[in-house]
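Asks: only the shape, not the letters, is given here:
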């Protein structure tokens, strides 16, 4: 019996030693966890900095020029702002049979102006695509440059509802036309309200839209950065 007791005590001591033996440390797992936490903290700090810069930029823009609501019409034209896009559309009518559609880009070009007070100024341009529809299928299309105080015709096309076909003759360049014909085409547009006043309106409109789109883009960027 004493022999069994000693053997039993030895077994208990052996089991106790095995039970308390420390498990080996997984250094790879520990290192991976540390790296993950470090990367997460760095990522969060970077995103926080970007979001703060964006908020500051938005606030700066709002403080220096508060938002202005865009109008939805100009004389006989209705204006479709098309938020989030780089162009707008105007629609109007002339007489009983003509429909007018004008698609206008945001500022897409500029030319240098004379320097004032050692600061170089620029003259901005928008591009206008004007479709005058007569009847069902006849469309007279003008491609124009819209400057701050004038409209300049670049090309004139005749086409159907399906647009200009690839092999269709599109006519000569506008500046190659007879001067009187050029003047007549300008008169044609002016009679339909497409004149210097419209160009001035479009530039003021695009100044506001440009800022609105910038603020919208900044806000979308902030939302993306902060999205988890």
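Replies: Yep, it's here. Because the structure is predicted, anything quoted here is derived from the model rather than measured.
Asks: from here on, contacts and neighbour counts on C-alpha atoms
Replies: OK.
Asks: show me what the longest strand seen in the chain is packed up against.
Replies: Ranked by residue count, the top strand of the chain under DSSP state E comes out as strand 122-134. Counting contacts by 3 or more C-alpha pairs under 8 Å, 6 or more residues apart in numbering; DSSP states H and E, strand 122-134 packs against strand 98-105, strand 109-112, strand 138-147.
Asks: which of these sits closest to residue 88?
Replies: Residue 88 lies closest to strand 98-105 among these, at 5.4 Å (C-alpha to C-alpha).
Asks: the closest one - what's its average pLDDT?
Replies: For strand 98-105, mean pLDDT rounds to 95.
Asks: tell me which helix or strand of the protein sits lowest on mean pLDDT?
Replies: Ranking every helix and strand in the chain by mean pLDDT, DSSP states H and E puts helix 2-19 at the bottom, with a mean of 42.
Asks: residue 194 - how many residues pack around it?
Replies: By other C-alpha atoms under 10 Å, 19 other residues sit near residue 194.
Asks: any stretches of this protein with poor pLDDT?
Replies: 1-47, 66-67, 115-120, 161-168, 228 (pLDDT under 70).
Asks: just the strands in it please.
Replies: Under DSSP E, the chain gives strands at 73-74, 77-80, 87-94, 98-105, 109-112, 122-134, 138-147, 150-159.
Asks: dump those to TSV, plus distance to residue 57 and mean neighbour count.
Replies: What follows is these, written out as TSV (distance: least, C-alpha to C-alpha, whole Å; neighbours: other C-alpha atoms under 10 Å):
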stretch	distance to residue 57	mean neighbour count
strand 73-74	31	14
strand 77-80	28	17
strand 87-94	24	18
strand 98-105	25	18
strand 109-112	25	11
strand 122-134	24	19
strand 138-147	29	20
strand 150-159	34	18
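Asks: got those as TSV, with distance to residue 219 columns?
Replies: What follows is the strands of the chain, written out as TSV (distance: least, C-alpha to C-alpha, whole Å):
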stretch	distance to residue 219
strand 73-74	27
strand 77-80	22
strand 87-94	20
strand 98-105	22
strand 109-112	26
strand 122-134	25
strand 138-147	30
strand 150-159	34
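Asks: nearest to residue 224, of these?
Replies: Closest approach to residue 224 among the strands of the chain is made by strand 87-94 (24.1 Å; C-alpha to C-alpha).
Asks: now for that closest one, which elements pack on it?
Replies: strand 77-80, strand 98-105.
Asks: parallel or antiparallel, which strands does it pair with?
Replies: Strand 87-94 pairs in its sheet with strand 77-80 (antiparallel), strand 98-105 (antiparallel), by DSSP bridges.
Asks: which residues are contacting that strand?
Replies: 76-82, 99-106, 192 (C-alpha atoms under 8 Å, 6 or more residues apart in numbering).
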